[in-house]
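Visitor: Everything below, folded, please.
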Amino acid sequence: LYGNVSTLATLGKFQGRVTMNGSSVFGAAVLAEEAASGNLAAGTVSRADGSYVLPALPPGQYNVRVTPLDAVGTNVFLIRGRDIASGYDAAATGFPPTANRAVTLNAGASVPVDFTVTGGGPAFRITQIRQTSANSGSFRWSSLPAAIRPGQSNYFIGVGSANLPTNGATLAITGDGLTLGPASFATLSGLNFISVSISVASNATPGLRSFIVQRGADLAYANGFLEVEANIPDFNFDGLDDRFQRRYFPLFTAPDAGPGADPDGDGFNNQAELVAGTDPTNALSLLKIDQVVLNAQGSTVTWQSVANRRYQVFSRVDLENAAWQAIGSLVTAGGSTAEFRDVSATNGFRFYRVQVLP
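Guide: Here you go, the predicted model:
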């Protein structure tokens, strides 16, 4: 698949080379993480010549790092070279992960980010994920990602492996909207676990977060192994309900289907059309005041509506200097038009606007 040229011009890419002692490193995992949200944005593995490319990324601030895959011969692991492709059985795994490199990416830019790793292998690895539980004493683990939803609080989560530290280490999880408790340590079935309590703010950004164990300068990552789930179906993490996008767009991940796009050019972006219940591909389908009629009983405001949507009418007498004031109670539409009578407006000049409620 080849991206649209005009779309690619609004995006950027990271590219570079991973080396050790001047030689190429094959099969090193290179990850780019959004600095603000802590969500994993892209990942790849280095080629035989050590090169890598992370293309088609939105402009912004990123943390970029390199981590080793798990060795092919291990029985307990998160991801090995052969889990990516058979040709990566020979991936180099005997180096410690790097710290994050903070990098700014601009539209249309190709930013070089080279890494030099050292030999000797990581001090410890994460090979298991303790799944989310409301019970601090309940341990259920696997090599699969864990998940949690915005608004959930006082849950417990963690990571494990045979060689994780049993004291003196910290466990962090990347990103916004998370409150973590202090690390606790336990050994079960030959695995050392580091766990924390976790609470997720209701406005936490959905996406794939990463676990980080640190003891001194030693690090271990489980990249993207915690999903902060969206409260709506949102598999492309753009903040817009996938059901809405799939209903109106042939490709729900296309730029025209994004929350800020306005494909029908009616002045309302897709996010606003979702709230309003209107068709984002039809310029005639929009929230619009049709008429205001003034008589002795007051002003009657009529607008295009969607059945069962709730609306609030606002007014002000001075368009530039007065504040909008809500008037009357909410109006629930019964069909394609709705109206409200402002009985206080029997004379004079007045401005109106109508707001649809989520």
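
Visitor: Tell me how far residue 358 lies from residue 232.
Guide: 11 Å (CB to CB, to the nearest Å). For the C-beta atoms, the positions are set from N, CA and C on the backbone; glycine is no exception.

Visitor: Which of these two has more residues huddled nearby?
Guide: residue 232 (13 against 7; other CB atoms under 10 Å).

Visitor: Would you check that the more buried one makes contact with residue 241?
Guide: Yes: look at residue 232 against residue 241 with CB atoms under 8 Å: they come within range, at 4.5 Å.

Visitor: How about the residue positioned nearest the centre of the chain: which residues does it bridge to?
Guide: With distances taken as CA atoms, centre = their mean, residue 207 lies nearest the centre of the chain, 3.6 Å away. Taking DSSP bridges as the rule, residue 207 bridges to residue 228.

Visitor: which residues touch it?
Guide: Applying CB atoms under 8 Å, 6 or more residues apart in numbering to residue 207 gives the contacts 34, 37-40, 175, 227-228, 237.

Visitor: could you redo the last one with a cut-off of 7 Å?
Guide: 37, 39, 228, 237 (CB atoms under 7 Å, 6 or more residues apart in numbering).

Visitor: contacting residues for the closest residue to the first one other than its chain neighbours?
Guide: Which is residue 37. If the residues on either side of it in the chain are set aside, residue 37 comes closest to residue 205, at 4.1 Å by CB to CB, 6 or more residues apart in numbering. By CB under 7 Å, 6+ apart, the contact set of residue 205 is 37, 39, 175-177, 228.

Visitor: Mind checking which of these land in strands?
Guide: Of those, the ones assigned to strands by DSSP state E are residue 228.

Visitor: per-domain residue ranges of this protein.
Guide: 1-120, 123-231, 242-276, 289-356 (automatic domain parsing).

Visitor: export those domains to JSON lines and tack on distance to residue 282 and mean pLDDT?
Guide: Rendered in JSON lines, the data for the domains of the chain read as follows (distance: least, CB to CB, whole Å; pLDDT from 0 to 100):
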{"stretch": "domain 1-120", "distance to residue 282": "23", "mean pLDDT": "94"}
{"stretch": "domain 123-231", "distance to residue 282": "26", "mean pLDDT": "97"}
{"stretch": "domain 242-276", "distance to residue 282": "6", "mean pLDDT": "95"}
{"stretch": "domain 289-356", "distance to residue 282": "12", "mean pLDDT": "93"}
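
Visitor: Tell me which of those sits nearest to residue 283.
Guide: Among the domains of the chain, the nearest to residue 283 by CB to CB is domain 242-276 (4.3 Å).

Visitor: Quick one: end-to-end distance for that closest one.
Guide: One end of domain 242-276 to the other measures 16 Å (CA to CA, to the nearest Å).

Visitor: can you pull the buried residues of it?
Guide: Neighbour-count burial for domain 242-276, counted by 16 or more other CB atoms under 10 Å, picks out 242, 244-245, 248-249, 252, 256-259, 261-264, 266, 268-274, 276.

Visitor: Highest neighbour count among the contacts of residue 205?
Guide: Of the contacts of residue 205, with other CB under 10 Å as the count, residue 228 tops at 26 neighbours.

Visitor: pretty sure it contacts residue 151?
Guide: No: counting by CB atoms under 7 Å, residue 228 stays clear of residue 151, with 10.7 Å between them.

Visitor: what residues are shared contacts of the two?
Guide: If you check residue 228 and residue 151 against CB under 7 Å, 6+ apart, the residues they both contact are residue 200.

Visitor: What are the contacting residues of stretch 125-141?
Guide: With CB under 7 Å, 6+ apart as the criterion, stretch 125-141 contacts 70, 76-78, 142-148, 155-161, 163, 188, 191, 193, 195, 211, 213, 220-222, 225.

Visitor: Just the buried subset of those residues, please.
Guide: By 16+ other CB under 10 Å, the contacts of stretch 125-141 give 70, 77-78, 143, 145-146, 148, 155-161, 191, 193, 195, 211, 213, 220-222, 225 as buried.

Visitor: Confirm that residue 290 lies within a strand, as I assumed.
Guide: Yes: Residue 290: assigned to a strand according to DSSP: H, G, I helix; E, B strand; the rest coil.

Visitor: From residue 347, how far off is residue 296?
Guide: Relative to residue 347, and taking CB to CB, residue 296 is found at 9 Å.

Visitor: Fine by me, we can end here.
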